[in-house]
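Next one to model:
(one chain, ligands or ions: 1)
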Amino acid sequence: MEVSKVLSLIRPAVRAGQAYRVGGPSRAAVKLNQNESPFDLPRDLKQELLSRFLEEPFNRYPLVEPVALQCALARHLGWEEEGILVGNDSNELMATVMQVVVQPGVSVVLPRPMFSFHMRLAELFEASVVAPPPRSDLSFDSQAISVAASGHAAVLIVVTTPNSPTGLAMRGDELRSMLAAAPGFVLIDEAYGEFSSEESACVMLPDYPNLLVLRTFSKAWGLAGLRLGYLASMRL
Ligand SMILES: *Cc1c(COP(=O)(O)O)cnc(C)c1O
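Next comes the predicted model:
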């Protein structure tokens, strides 16, 4: 078979995509473009992890879901473990959410300025992206987001709070009014939630079945190398 014929078998949206590359040097004392911690996990803790890893049977399939971690996270969040999905980083969980809700042509609201990876994924899943601009201070305009979502019957709104690269967080009352007005799911990316003085959207989980809260071990916990993230939502 000709190479061009093989390529033609690949979905046009995938072929149109570009490889995800992060600019800047891969080694630097402080990397603000990826917001990695400059400090590694202390050596004795790494040692403890490795000795636990040694006890794992490599010939056996693991549990389908990491129940012990789900229970620990549930206690940490004050939420039920059935409402926690663990993934190999929050980017993977974002792709999972899009796989579940985005059919080609449906609207997804990604207000500006937005983490570029979410935009890439939405394009890959052939969403029609609606991108309301920020207020003049660069904060997300919750009202404009709600209007855009209703006007386009968006299946998904994504907001990052606090946002990267602005560092600005949304207030709880803004999130609640967005959640109440949304015609679809609202995913709140709390990659930087631990750095915020605003309360986590996790406290709103009991009130909104359309709320998805995305969190990661990569930023505040300094564990970007372990690729670990989780999603909290109501068990539907
Ligand atoms: C770093 C970052 C993520 C990705 O976290 P991973 O769990 O490492 O994939 C998601 N959203 C935002 C806004 C981020 O800055």
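
Assign a three-state SS to the closest residue in space to Ser142 that isn't next to it in sequence, would you?
Once flanking residues are discounted, Ser142 sits nearest to Glu174: 4.0 Å by Cβ to Cβ, 6 or more residues apart in numbering. C-beta here means a position set from N, CA and C on the backbone, and glycine is covered the same way. Here Glu174 is helix, with the state taken from DSSP: H, G, I helix; E, B strand; the rest coil.

Now for Glu174, how many residues are close by?
20 (other Cβ atoms under 10 Å).

Distance of it relative to the ligand?
To the ligand, Glu174 is 18 Å away according to Cβ to the nearest ligand atom, to the nearest Å.

Just the pLDDT for that residue.
pLDDT, Glu174: 97.

Return the residues of the protein in contact with the ligand.
35, 89-91, 115, 160, 164, 189, 191, 216, 218-219, 224, 229 (Cβ under 6 Å from any ligand atom).

Please narrow those to those residing in helices.
Judged by DSSP state H, the subset of the residues of the chain next to the ligand located in helices is 90-91.

For the residues of the chain next to the ligand, which two are the farthest from each other?
The most widely separated members of those, counting by Cβ to Cβ, are Thr160 and Ala224 (16.5 Å).

Those two: which is more packed in?
For Thr160 versus Ala224, neighbours defined as other Cβ under 10 Å are more numerous around Thr160 (25 against 17).

For this structure, which segments are assigned as strands?
84-87, 107-109, 128-130, 156-160, 185-189, 211-216, 229-233 (DSSP state E).

Just name the lowest-scoring one in the residues of the chain next to the ligand, pLDDT-wise.
Minimum pLDDT for the residues of the chain next to the ligand is recorded at Asn35 (88).

What about that one, how many residues nearby?
Counted by other Cβ under 10 Å, the residues lying close to Asn35 total 16.

backbone phi and psi for it, please?
The phi/psi pair for Asn35 (degrees, to the nearest 10) reads phi 50, psi 40.

doesn't Gly167 make contact with it?
No. Taking contacts as Cβ atoms under 8 Å, Asn35 lies outside contact range of Gly167: 10.5 Å.

joint contacts of those two?
Both Asn35 and Gly167 are contacted by Tyr192, under the criterion Cβ atoms under 8 Å, 6 or more residues apart in numbering.

still on that earlier bit, might one say that the residue nearest to Ser142 is in contact with Ala144?
No. Between Glu174 and Ala144 there is no contact under Cβ under 8 Å: 11.3 Å.

coming back round to it: looking at the residues of the chain next to the ligand, which is nearest Glu65?
Checking those against Glu65 with Cβ to Cβ, the nearest one is Gly229 at 14.1 Å.

May I have the beta-bridge partners of that closest one?
Gly229 has these beta-bridge partners by DSSP bridges: Gly87, Thr216.

Distance of it relative to Ser90?
Gly229 sits 3 Å away from Ser90, going by Cβ to Cβ, to the nearest Å.

any residues in contact with both of these two?
Shared contacts of Gly229 and Ser90 (Cβ under 8 Å, 6+ apart): 214-216, 218.

out of those, which are buried?
Taking 16 or more other Cβ atoms under 10 Å as the criterion, what is buried in the shared contacts of Gly229 and Ser90 is 214-216, 218.

Tell me which two of those residues sit farthest apart.
So, these by Cβ to Cβ: farthest apart are Leu214 and Ser218, at 11.5 Å.

Spit out the residues that contact the two alike.
90, 191, 229.

Give the burial count for Pro57, as a bare number.
For Pro57, using other Cβ under 10 Å, the count is 7.
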